[in-house]
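Asks: Provided below for reference: sequence and predicted model.
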Amino acid sequence: MIVNPIEKWTGRVLLVLVLVLTVIPLLNMVSAALQPADVNPTGLAWPSDPQWGNFVEAFNTGHVWELLGSSALVVLGVVPISLIVASLAGYALGGIRMRGSRALLILFVLGLTIPFEAIIIPLYYEMQSLNVLNTQWAIILPLIGLFMPFSVFWMRAHFVGVPEELAEAARMDGAGMWQELRHIQLPLARPAMSALAILLFLWTWNQFLLPVVLVSDPLQRTVAGALTFFQGQYSLSIPLLNAGALIIILPTVLIFVIFQRQFIKALIQGAVKG
């Protein structure tokens, strides 16, 4: 396939532009975080005397360790359950093509159109009736349900692309449905499941609205939901506020950098199948 030089350079310029627009705000946050705590930063400027201790102070006085533990608990509750349920549902809708799968798929697609903000009040009263309000379960349970339409749609897209000959060969060898799922379908689905796990982790870790509304104690929210807690503590110190925000986003950046190959592999696999 011959690529037009104009298209090639246009794509590169756009990528560089997007990279610059992404990196500049981060650099601005880093430079602001390294300013003295009593200084109000103006613009992007590297300080002559970087105050690396701002990160230590933000970590200690902002109870970041407790917030990280709370976020980890929420992530461990949301991601594994969502993966298991979405994989089974995706296999049912795309692998064995159960009766009524098209109607169910339409319902899941409609679920993708519902914004979190539209159902936050019903969720509040639902969690209150379940007696889990102001606990991590008030975050875990809604997120599993809210992430499920996309998760099922994602896994179904994978199982639809698996050649039917593999399933037929397994059945001819005497494998049952669960044996086929365990030994053939799930191993083939590892790239899609890995990419979905990364997305679920990022969305859960960065969840802001639900933790703020459904949990009153900032230390039981996600780290992103605790940004209001940081803002209340450091509202008069922009450097400390930026230091706390950088500490909060660091795990998501590390996770994406570490697992970016699996994520890209799943996207390429889906593009080839499509």
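Replies: Looks like it arrived, so ask away.

Asks: now do the helices in the stretch 151-274 of the chain.
Replies: Along the stretch 151-274 of the chain, the stretches classed as helices by DSSP state H, counting those that start in this stretch are 164-172, 177-180, 186-188, 190-205, 209-214, 227-233, 238-258, 260-273.

Asks: tabulate those helices (a markdown table), appending distance to A37.
Replies: For every residue, glycine as well, the C-beta is placed using N, CA and C. Output for these, formatted as a markdown table (distance: least, CB to CB, whole Å):
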| stretch | distance to A37 |
| --- | --- |
| helix 164-172 | 61 |
| helix 177-180 | 59 |
| helix 186-188 | 51 |
| helix 190-205 | 27 |
| helix 209-214 | 26 |
| helix 227-233 | 12 |
| helix 238-258 | 5 |
| helix 260-273 | 35 |
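
Asks: ok, which stretches of the stretch 1-150 of the chain are helices?
Replies: Using DSSP H, counting those that start in this stretch, the helices of the stretch 1-150 of the chain run over residues 5-33, 53-61, 64-94, 101-112, 120-129, 137-160.

Asks: deepest in the core, which of those helices is it.
Replies: helix 137-160 (a mean of 21; mean count of other CB atoms under 10 Å).

Asks: got the angle for that one vs helix 164-172?
Replies: 100 degrees (axes from the mean of the first three to the mean of the last three CA atoms, to 10 degrees).

Asks: what number of residues lie near E168?
Replies: 11 (other CB atoms under 10 Å).

Asks: cool, and W52?
Replies: 9.

Asks: any idea which of the helices of the stretch 151-274 of the chain gets closest to M98?
Replies: Closest to M98 of those is helix 177-180 (CB to CB; 10.9 Å).

Asks: so what does the closest one touch, helix or strand wise?
Replies: With contacts defined as 3 or more CB pairs under 8 Å, 6 or more residues apart in numbering; DSSP states H and E, helix 177-180 has these neighbours: helix 164-172.

Asks: out of the helices of the stretch 151-274 of the chain, the one nearest I114 is which?
Replies: Taking CB to CB as the criterion, helix 209-214 is the member of those that comes nearest to I114, at 13.6 Å.

Asks: so which of the helices of the stretch 1-150 of the chain gets nearest T222?
Replies: helix 64-94 (4.6 Å).

Asks: ok so, going back, next, format the helices of the stretch 1-150 of the chain as a markdown table and append distance to F208 and mean pLDDT.
Replies: As requested, those are arranged in a markdown table below (distance: least, CB to CB, whole Å; pLDDT from 0 to 100):
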| stretch | distance to F208 | mean pLDDT |
| --- | --- | --- |
| helix 5-33 | 17 | 83 |
| helix 53-61 | 18 | 83 |
| helix 64-94 | 12 | 89 |
| helix 101-112 | 20 | 80 |
| helix 120-129 | 12 | 90 |
| helix 137-160 | 11 | 90 |
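
Asks: and those helices as a markdown table, adding distance to I255?
Replies: Rendered in a markdown table, the data for those read as follows (distance: least, CB to CB, whole Å):
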| stretch | distance to I255 |
| --- | --- |
| helix 5-33 | 16 |
| helix 53-61 | 19 |
| helix 64-94 | 10 |
| helix 101-112 | 24 |
| helix 120-129 | 27 |
| helix 137-160 | 16 |
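
Asks: one step back: now tabulate the helices of the stretch 151-274 of the chain in a markdown table and tack on mean pLDDT and distance to V30.
Replies: Listed next are those as a markdown table, based on pLDDT from 0 to 100; distance: least, CB to CB, whole Å:
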| stretch | mean pLDDT | distance to V30 |
| --- | --- | --- |
| helix 164-172 | 76 | 49 |
| helix 177-180 | 79 | 50 |
| helix 186-188 | 85 | 41 |
| helix 190-205 | 88 | 20 |
| helix 209-214 | 87 | 26 |
| helix 227-233 | 65 | 16 |
| helix 238-258 | 83 | 7 |
| helix 260-273 | 62 | 21 |
